[in-house]
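What shape does this take:
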Amino acid sequence: QVELVESGGGSVQTGDSLRLSCAASGLRSMTYAMAWFRTAPGKERQFVADIKLNDGIGETSYAGSVKGRFTISRDNAKNTVYLQMNDLKPEDTAVYFCAAVYAYSDWLQSAYDYWGQGTQVTVSS
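You can find the predicted model right below:
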């Protein structure tokens, strides 16, 4: 049984930092990538960042709105993916979800196989 558990959310002020964690269990060793998405009130789910798990270098990609402020990383030994969020802004307020995908073809379509329950991030001005 696959389980993704997010943690690290909270309420912060503009300009503060947070680090989200996603602890994974039960995933196959050849999981292609993991990612963070977010859903803000009244808005559709938005891609935040992803990281490839088995390419040897952990290639990453980011949404334009977070590039330069957020960093996704992995600790394969701990089966954990992190999202370091710096210089937070009120528009970053959302529920952040961790997701995992097995196949490259599904990754291309952003069709992730597994999702966590989410962690709330609230940024006040």
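
With adjacent residues omitted, what lies nearest to R45?
T39 (4.8 Å; C-beta to C-beta, 6 or more residues apart in numbering). The way it works is simple: take the backbone N, C-alpha and C, and place the C-beta from them, glycine included.

measure the one you found to S105 for me?
25 Å (C-beta to C-beta, to the nearest Å).

who's more crowded, these two?
Taking other C-beta atoms under 10 Å, T39 and S105 do not tie; T39 has more neighbours (14 against 10).

what's near enough to touch the residue nearest to R45?
Residues in contact with T39, defined by C-beta atoms under 8 Å, 6 or more residues apart in numbering, are R45, Q46, A94, V95, F97, G118.

Try it again at 7 Å.
Contacts for T39 were tallied using C-beta atoms under 7 Å, 6 or more residues apart in numbering; they are R45, A94, V95.

could you redo those as TSV and give each row pLDDT?
Output for those, formatted as TSV (pLDDT from 0 to 100):
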residue	pLDDT
R45	96
A94	98
V95	98
